[in-house]
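Visitor: Just the structure for this:
(2 chains, ligands or ions: 2)
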Amino acid sequence: MAKPILTLHALEKQFGSDTALHPTTLTVEKGEFLAMMGPSGCGKSTTLRMIAGLEAPSAGQIRHWDRDITNLPPWERDMPMVWQSYALFPFMTVRQNVEFGLKQKRRHALPDRRRKAGEWLERLDIAAMADRRVNQLSGGQRQRVALARALALEPEILLLDEPLSALDAHLRLQMQAELKRLHGELGITFLYVTHSQSEAFAMADRVAILNQGHLQQIGSAREVYRAPANRFVAEFVGASTIITGTGGPDHRVETAVGTFTAKAGHPPQPGQLATVLIPSNAVTLSATETGAENAVTATFLTEEFTGSFVTLYLLLADQTQMKVQLQQSELDRITLIPGDTVHAHWPAEAAYVLKEG
Amino acid sequence: MTAARWQAAWTVLVFLFILTPIASLVVFSFNADRFPSLPWGGFSLKWYVAIFQDDSVRAGFWRSLRVSAIVSVLATFIGFATAYTDYRYNFRGKLPYLAIAALPPTVPVLILGLGMLSFFSMVNLVGTLSAVIAGHVVICAPFAMALIRMRLADMSPDIEPAAWNLGASRWATMWSITIPWCMPAILAGLAITAAVSFDEFMVAWFVSGLEETLPVRILALLQGQVSPRINAIGSLVFFISITLVAIAQVITPRQAR
Ligand SMILES: Nc1ncnc2c1ncn2[C@@H]1O[C@H](COP(=O)(O)OP(=O)(O)O)[C@@H](O)[C@H]1O
Ligand SMILES: [Mg+2]
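Guide: Ligands and ions are numbered 1, 2, ... in the order given. Next comes the predicted model:
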């Protein structure tokens, strides 16, 4: 494997007696799009700020290629950041904002600065407002200025802290596509922090999932979907129904709503706690009992349409909520109104057992 | 009459009460008669001419101007430094530090003046303009600090880190981001501290000795004889102070972003 562009080694941060980040080690490959995600307050921003040099680690090391940058002041690092608040300089014009880093960091003379900033203004489609003050711009435009300001430095690594969270849904999708495109075109390493798993999965090559300052899992979106490391990740990703029970022989798990066979993941240990994930797209519904294995009877609650998919929410006998994702066309076979009883089953090969302990 | 009308009438009355003496001061400074009484004795600039010909008044005027110029720069600088340390840093003893920085205007000026007199006589500064300047800086710096602190409170905490992140050192950030952001408050601070210093009397009276500032000179004149020249000086001092205050008012940062 190639040498990582950025290495966090046992990086740790305490605020007084609170731990924002427990010792964490991870590496970032050159050119990759790594998303760090997790619920609010899990330590994402703190981690990013330590990488940028804006927060001093309590312990551990940060390396840029081979260079230890743990104690380097922020202005000597080369990792511009796009802020959740945009943090634009309010008394400057758009152009002056974009030129700021070129002047301070790259020490470009005015003509070079003008030209380079101009290129980035064009590239991000904000050249028309170059001479406006940033407080005269809309949220989406500010976002573009913030991006242009950071990218104008043409850095090796770009840090982004929830850059899209202040935008409305439509604009967010548009910017997601644009960020992904820019990443592909520029070959810059993106380190992207977000609390939104849809954002992370839509753009990132790999995702790192944090919870309460602990790194839970890092891997491709596919890996995290297919093989979540633990219950937290499974819940955060939200792609499965989670049922707990007791392990038995032959991949069997006994639960309050029936005994199932689960062949994916870690074989359940007889007599031990076993957590089974049933991917919501692996479930088949029918109006009548089919006699299939791995079947449950449930009450239909509600449905949600997204594109060509529909997500149905069912309630099992033990009050577990079950999520089922179907193609819209499959829904034609079965008509459901809230309160109806419905039968669900899934193949044993799809049911995934989490690693315990 | 409605409540609003009563309120308006009451406001007008209060302002009349406050402004009448000042108005009469200004009006009688242009009165040709020796005594400030009606009927009006005709328009004249002779009292203004008289004070400009009085060396002691002229010297006091220039001293006051010099003192207030120097004081405004020093006090605003100290005010900025205090406000900025409060904004940027957290340290043990910050609260007492801020309390001390804001304290001087709450001390009765008589006490302040006496205290300074005794301190300056220990360090052999009594009777020098430096003593007046030092005393005024103590009184004025908290005003500048309050203005600049208000402005800094409106500065997003991400702005300076964003500048560092883009390669600007602390100094470069101070010059290119923090000071420009604070500029309206800095200018307002300069004007306000100049105004406070220009007509400050008590401390100057205690420590100035023979280096009389204008307010001290005025009192000396008053003690000698009542002359309409007082009206002319008073009007001048009033206009200079009110101009400075008005400047400060106009440039004081609002909730603007
Ligand atoms: N400057 C600070 N002082 C004290 N606690 C902080 C500070 N910054 C962050 N924290 C705490 O550290 C934890 C992680 O915060 P943060 O990294 O901002 O979370 P996230 O970005 O994932 O929402 C939170 O519990 C937060 O309250
Ligand atoms: Mg955050």
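Visitor: can you give me the helices for the stretch 151-300 of chain A?
Guide: In chain order, the stretch 151-300 of chain A shows helices spanning A:169-186, A:197-203, A:221-226, A:231-237, with DSSP state H, counting those that start in this stretch as the criterion.
Visitor: Need the contact partners of the first one.
Guide: Just to be clear, that refers to helix A:169-186. In this structure, residues lying in contact with helix A:169-186 by CB atoms under 8 Å, 6 or more residues apart in numbering or on different chains are A:33, A:139-140, A:143, A:147, A:151, A:154, A:160, A:163-164, A:167, A:190, A:192, A:199, A:202-203. Where you see a C-beta, it was placed from the backbone N, CA and C, and this is true even at glycine.
Visitor: The helices of the stretch 151-300 of chain A into CSV, with extra columns for mean pLDDT?
Guide: As requested, the helices of the stretch 151-300 of chain A are arranged in CSV below (pLDDT from 0 to 100):
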stretch, mean pLDDT
helix A:169-186, 93
helix A:197-203, 92
helix A:221-226, 91
helix A:231-237, 93
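Visitor: Can you redo those as TSV, where the extra columns are mean neighbour count?
Guide: Written out in TSV, the entries for these read as follows (neighbours: other CB atoms under 10 Å in any protein chain shown):
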stretch	mean neighbour count
helix A:169-186	14
helix A:197-203	20
helix A:221-226	17
helix A:231-237	19
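Visitor: Can you tell me which of the ones you listed is nearest to B:Ala153?
Guide: In this view, the helices of the stretch 151-300 of chain A are compared for proximity to B:Ala153 by CB to CB, and helix A:169-186 is the closest at 30.6 Å.
Visitor: Identify the residues contacting the residue nearest to A:Gly258 when sequence neighbours are not counted.
Guide: For A:Gly258, ignoring the flanking residues on the chain, the nearest one in space by CB to CB, 6 or more residues apart in numbering or on different chains is A:Val296 at 5.8 Å. When contacts are counted by CB under 8 Å, 6+ apart, A:Val296 is found next to A:257-258, A:316-317, A:322, A:343-345.
Visitor: Excluding sequence neighbours, find me the nearest residue to A:Pro228.
Guide: In this structure, A:Pro228 finds its nearest non-sequential neighbour in A:Ala234, 4.1 Å apart by CB to CB, 6+ apart.
Visitor: Actually, B:Val109.
Guide: Of all residues beyond its chain neighbours, the one nearest B:Val109 is B:Met202 (4.0 Å), with distances taken as CB to CB, 6+ apart.
Visitor: Pull out the buried residues from the contacts of A:Val296.
Guide: When those are checked for burial by 16 or more other CB atoms under 10 Å in any protein chain shown, the buried set is A:257-258, A:316, A:322, A:343-345.
Visitor: As a markdown table, those with secondary structure would be great.
Guide: Conversion of the buried ones among the contacts of A:Val296 to a markdown table gives the following (DSSP: H, G, I helix; E, B strand; the rest coil):
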| residue | secondary structure |
| --- | --- |
| A:Val257 | coil |
| A:Gly258 | strand |
| A:Leu316 | coil |
| A:Met322 | strand |
| A:His343 | strand |
| A:Ala344 | strand |
| A:His345 | strand |
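Visitor: any idea how far B:Lys94 is from B:Leu152?
Guide: Counting by CB to CB, to the nearest Å, the gap between B:Leu152 and B:Lys94 amounts to 15 Å.
Visitor: Looking at these two now, which is surrounded by more residues?
Guide: Neighbours per residue (other CB atoms under 10 Å in any protein chain shown) separate B:Leu152 from B:Lys94, with B:Leu152 holding more: 18 against 12.
Visitor: Low-confidence bits of chain B, can you list those?
Guide: B:1, B:35-37, B:226, B:253-257 (pLDDT under 70).
Visitor: got the residues of the stretch 101-250 of chain B near chain A?
Guide: Residues of the stretch 101-250 of chain B lying near chain A by CB under 8 Å from any CB of the partner chain: B:156, B:158-159, B:161-169, B:172, B:176-177, B:180-181.
Visitor: Could you tell me whether A:Asn71 really is in a strand?
Guide: No. Under three-state DSSP, A:Asn71 sits outside any strand and is assigned coil.
Visitor: Which stretch among the helices of the stretch 151-300 of chain A approaches A:Leu121 most closely?
Guide: It's helix A:169-186; of these, that one is closest to A:Leu121 (CB to CB) at 14.2 Å.
Visitor: Using CSV, lay out the helices of the stretch 151-300 of chain A together with distance to ligand 1.
Guide: As requested, these are arranged in CSV below (distance: least, CB to the nearest ligand atom, whole Å):
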stretch, distance to ligand 1
helix A:169-186, 18
helix A:197-203, 13
helix A:221-226, 18
helix A:231-237, 13
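Visitor: so which of those comes closest to B:Leu221?
Guide: Judged by CB to CB, the one of the helices of the stretch 151-300 of chain A that comes nearest to B:Leu221 is helix A:169-186, at 70.9 Å.
Visitor: Can you tell me the centre-most residue of chain B?
Guide: Residue closest to the average C-alpha location in chain B (CA atoms, centre = their mean): B:Val196, at 1.6 Å.
Visitor: quick one: what helix or strand has the nearest residue to that one once chain neighbours are set aside in it?
Guide: In space, B:Val196 comes closest to B:Cys140 once its chain neighbours are excluded; the distance is 5.1 Å by CB to CB, 6+ apart. Assignment of secondary structure by DSSP states H and E places B:Cys140 within helix B:129-153.
Visitor: helices and strands around that helix, which ones?
Guide: With contacts defined as 3 or more CB pairs under 8 Å, 6 or more residues apart in numbering or on different chains; DSSP states H and E, the packing partners of helix B:129-153 are helix B:55-88, helix B:94-102, helix B:109-122, helix B:179-198, helix B:202-207.
Visitor: closest to ligand 1 out of these?
Guide: If you check each of the helices and strands packed on helix B:129-153 against ligand 1 by CB to the nearest ligand atom, helix B:55-88 wins as the nearest, at 13.3 Å.
Visitor: what inclination does the closest one have with respect to helix B:179-198?
Guide: Inter-element angle recorded for helix B:55-88 and helix B:179-198: 140 degrees (by axes from the mean of the first three to the mean of the last three CA atoms, to 10 degrees).
Visitor: does the closest residue to A:Thr93 other than its chain neighbours count as helix, strand or coil?
Guide: When the adjacent residues along the chain are set aside, A:Thr93 lies closest to A:Asp131, with 5.3 Å between them (CB to CB, 6+ apart). Of the three states, A:Asp131 takes coil according to three-state DSSP.
Visitor: what's the burial count for whichever residue of the stretch 101-250 of chain B sits closest to ligand 1?
Guide: Of all residues in the stretch 101-250 of chain B, the one sitting closest to ligand 1 is B:Pro157 (9.7 Å; CB to the nearest ligand atom). Around B:Pro157 sit 11 other residues, with neighbours defined as other CB under 10 Å.
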